[in-house]
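# Sequence first, then the predicted structure, then my questions.
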Number of protein chains: 2
Amino acid sequence: MAVQSVAIIGLGLLGGSIGLAIAKHCSDITTTGYDADPAACEAARTRGLADVICDNAADAVAAADLVILCVPVGAMACAADAIRDALPAGAIVSDVGSSKQSVADTLRAALPGAVVIPAHPVAGTEQSGPDAGFAELFEGRWCILTPPENTADEHIQTLCAFWESLGSTTEIMDAQHHDLVLAVTSHIPHLIAYTIVGTASDLEEVTRSEVIKYSAGGFRDFTRIAASDPTMWRDVFLNNKDAVLEMLGRFTEDLTALQRAIRRSDGDALHELFTRTRAIRRSIIEQGQDR
Amino acid sequence: MAVQSVAIIGLGLLGGSIGLAIAKHCSDITTTGYDADPAACEAARTRGLADVICDNAADAVAAADLVILCVPVGAMACAADAIRDALPAGAIVSDVGSSKQSVADTLRAALPGAVVIPAHPVAGTEQSGPDAGFAELFEGRWCILTPPENTADEHIQTLCAFWESLGSTTEIMDAQHHDLVLAVTSHIPHLIAYTIVGTASDLEEVTRSEVIKYSAGGFRDFTRIAASDPTMWRDVFLNNKDAVLEMLGRFTEDLTALQRAIRRSDGDALHELFTRTRAIRRSIIEQGQDR
């Protein structure tokens, strides 16, 4: 059954982009929106992020057949509480959070009996807030669904069809495997970027002005990632702790080996790694995940 | 005295871009070029990277008043040997290497009596080779000169004016300080990017195909940097060992602190860092070093 009415709870980069993408691609779907921040609701009205911006979450979901929680992972429980009593029977509840096991546990506990299918559109920018969204954010990107066991196929198909209508390609994955994959492709890169930008800000021998002036040597790409929303990312690391620490351990081992190669002037080891990493870049370009 | 004839030794991304930038901005300067790789010379002729592509380095520098060595830092000694006997008296010898103290030592030893002013245009892309260069590479970017003590002001002014004519802003810096600053803004970011891309390629639990598919979560930005020229970067790490190891130590300390914050679920510590790092990004945008 195709989605007819979508409620978007949280109108930042992701929520706003969903509203705009629906308006662009699915003019037959009606949208309602809500954000806990009144200023965000006001901005959402101005930008037309949803057909109707409601004054509370309960009103927003009252007539929805798909509810998408677009709040930081740490705010999922609170958002679920706010919609519990107003949620129509049979409505699908989903989200866009970057970690999935903890979201699945939280929503299952907060919304007993509801149809919950956590999802993660692997798309974003370093911008955040209601002014950051755009209709094309999901086009050509993957959206990973992590349906709990025993979820009816029909509901999974409905959610897949919805994301595909916004231009995404969908994939079904186990929540725990998702958290491991994304630890590598997203969480650790963000953690490293935040760290090096922090390290560079704190040096005594190199001024902040020098760091900024000469950032074109590579550093600037890290600052882009390290400008991402602090609350969202704090919640990701708190809610995907095991996979992040596991992958961080691997990274640190590899970095230590490279440090040793530099100390010992082992040019062959450096050259071998630096050559090997080019292949992955080529595949990413070929598969349209970057230009 | 303004530069009238520039010899470019090494016709990859940097050398080729210098040739094209001169053709665009300084039509009164004649250029000669040479590359140790015959295929690169052929490509350079086709693209017109210099007015004349010579068959050996000595011919290329024979009438030059500015010679720019655009070879990996580890190939400087060899390039200097090849031009020594043909170098006109009074010609300025410079380079574009990413580490400066070792280049200064190498060129001083290889070219006794020559006017050597090492330089580093802080500009580049992940592309390399004679097809990668473009005339606009240096526009709006910094070029750092590290003249040895006792270099005549006149020569420094000549080289500054040359780089400014290509669209760069110049800065004079001590070679050792340059190496420390660039360790932070360029060398460590590259080392980290190479490491995480290597780590991601070697996992058993996550397939390479998954890493590529979901790279839009942050990882893809690291693959871009980790696609840079392996020989150039091997040489940078071998020739700026002390500063790189020093800065790597700081980075590892900070990463370990963050790891501890995650393990202890210290959300405040994470949020504090993630908020602080946004300010640097804003300054980089304001100062035109990224979009």
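Thanks, I have the structure now.
# show me the contacts for A:A77.
A:106, A:109-110 (Cβ atoms under 8 Å, 6 or more residues apart in numbering or on different chains). Every C-beta, even on glycine, is put in place using the N, C-alpha and C of the backbone.
# Now intersect these with the strands, please.
Counting by DSSP state E, those place none of their members in strands.
# Please check those residues and keep the buried ones.
The neighbour-count test (16 or more other Cβ atoms under 10 Å in any protein chain shown) marks A:106, A:110 as buried among the contacts of A:A77.
# So which of the contacts of A:A77 are in helices?
The helices, defined by DSSP state H, take in A:106, A:109-110 from those.
# number of nearby residues for A:E171?
17 (other Cβ atoms under 10 Å in any protein chain shown).
# Tell me where the longest helix sits in chain A.
Criterion DSSP H: the longest helix present in chain A is helix A:241-263.
# I'd like to know which elements that one is packed against.
helix A:175-182, helix A:188-201, helix A:267-286, helix B:188-201, helix B:241-263 (3 or more Cβ pairs under 8 Å, 6 or more residues apart in numbering or on different chains; DSSP states H and E).
# Reformat those helices as CSV; add distance to A:A40.
CSV is the format used below for the helices and strands packed on helix A:241-263 (distance: least, Cβ to Cβ, whole Å):
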stretch, distance to A:A40
helix A:175-182, 26
helix A:188-201, 23
helix A:267-286, 33
helix B:188-201, 34
helix B:241-263, 28
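# Return the residues in contact with the closest residue to chain B within the stretch 1-150 of chain A.
Closest contact between the stretch 1-150 of chain A and chain B, by Cβ to the nearest Cβ, is at A:V122 (4.9 Å). Applying Cβ under 8 Å, 6+ apart to A:V122 gives the contacts A:141-144, A:182, A:185-186, B:214, B:216-217.
# Residue nearest the middle of chain A, spatially speaking?
A:S98 (4.3 Å; Cα atoms, centre = their mean).
# Is it in a helix, a strand, or coil?
For A:S98, the secondary structure call by DSSP: H, G, I helix; E, B strand; the rest coil comes out as coil.
# So it sits against A:R234, correct?
No: with contacts counted by Cβ atoms under 8 Å, A:S98 stays clear of A:R234, the gap being 11.6 Å.
# returning to that earlier point: buried residues of the longest helix of chain A, list them for me.
So, applying 16+ other Cβ under 10 Å, buried residues of helix A:241-263: A:241, A:243-244, A:247-248, A:250-252, A:254-255, A:258-259, A:261-262.
# Distance to A:Q4 and pLDDT added to those, as TSV?
Below are the buried residues of helix A:241-263 laid out as TSV (distance: Cβ to Cβ, whole Å; pLDDT from 0 to 100):
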residue	distance to A:Q4	pLDDT
A:K241	38	97
A:A243	36	97
A:V244	38	97
A:M247	40	96
A:L248	44	97
A:R250	45	97
A:F251	45	97
A:T252	49	97
A:D254	49	97
A:L255	51	97
A:L258	54	97
A:Q259	57	97
A:A261	59	98
A:I262	59	98
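# Up against chain B, what does the stretch 51-200 of chain A have?
By the rule Cβ under 8 Å from any Cβ of the partner chain, the part of the stretch 51-200 of chain A lying against chain B is A:74, A:98, A:122-124, A:126, A:141-142, A:144, A:171, A:177, A:180-182, A:184-200.
# If any of those are buried, put those into a PyMOL selection.
Buried residues among these (16+ other Cβ under 10 Å), as a PyMOL selection:
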select buried, chain A and resi 74+98+122+123+124+126+141+142+144+171+177+180+181+182+184+185+186+187+188+189+190+191+192+193+194+195+196+197+198+199+200
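# before we move on, back to that, distance of the residue nearest to the centre of chain A from A:Q289?
17 Å (Cβ to Cβ, to the nearest Å).
# likewise A:A75?
29 Å.
# Noted, bye for now.
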